[in-house]
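Student: Give me coordinates for this.
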Amino acid sequence: MVVKKRDNPVIRYFKETRSELKKVIWPSREETAKLTMIVIAVTVVMSISLGLIDYVLARLFGLIVR
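Tutor: Next up, the predicted model:
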């Protein structure tokens, strides 16, 4: 009868994580820079849009409440 030694769960987790990370296709530096700029641009546009909507609605409610 052969008794198999079980791996420590923590060690097994790190081994599996390492093997999964080897399968990842990492983006190039240029691709990362482009995607980062897109995220920043969308964030700025959405911030300005939501700020304007908030300002307009606050003014409208201010007129209604007066």
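Student: from here on, contacts and neighbour counts on C-alpha atoms
Tutor: Noted.
Student: quick one: least confident helix or strand in the protein?
Tutor: Lowest mean confidence among the helices and strands of the chain (mean pLDDT, DSSP states H and E): helix 9-23, at a mean of 93.
Student: Flag every buried residue along that one.
Tutor: Of the residues in helix 9-23, none is buried by neighbour count under the rule 16 or more other CA atoms under 10 Å.
Student: Let me know the helix or strand that L50 is in.
Tutor: Here L50 sits within helix 29-65, counting by DSSP states H and E.
Student: I'd like the mean pLDDT over that helix, please.
Tutor: Averaged across helix 29-65, the pLDDT comes to 97.
Student: Quick one: list the elements packing against it.
Tutor: Applying 3 or more CA pairs under 8 Å, 6 or more residues apart in numbering; DSSP states H and E, we find helix 29-65 packed against no helix or strand.
Student: what's the spacing between that helix and its chain's center?
Tutor: Centre-to-centre, helix 29-65 and its host chain are 18 Å apart (CA atoms, centre = their mean, to the nearest Å).
Student: What of stretch 9-23?
Tutor: With CA atoms, centre = their mean, you get 22 Å for stretch 9-23.
Student: Can I get it in CSV? Just the C-alpha atoms.
Tutor: Taking C-alpha atoms only, stretch 9-23 is exported to CSV below (Å, rounded to 0.1, in the frame of the first residue of the first chain):
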residue,chain,number,x,y,z
PRO,A,9,-2.6,23.6,1.4
VAL,A,10,-0.7,26.9,1.6
ILE,A,11,2.2,25.5,-0.5
ARG,A,12,-0.2,23.9,-3.0
TYR,A,13,-2.0,27.3,-3.3
PHE,A,14,1.3,29.1,-4.2
LYS,A,15,2.4,26.4,-6.6
GLU,A,16,-1.0,26.6,-8.4
THR,A,17,-0.9,30.4,-8.4
ARG,A,18,2.6,30.4,-9.9
SER,A,19,1.6,27.9,-12.6
GLU,A,20,-1.4,30.1,-13.5
LEU,A,21,0.6,33.2,-13.7
LYS,A,22,3.0,31.6,-16.2
LYS,A,23,-0.1,31.2,-18.5
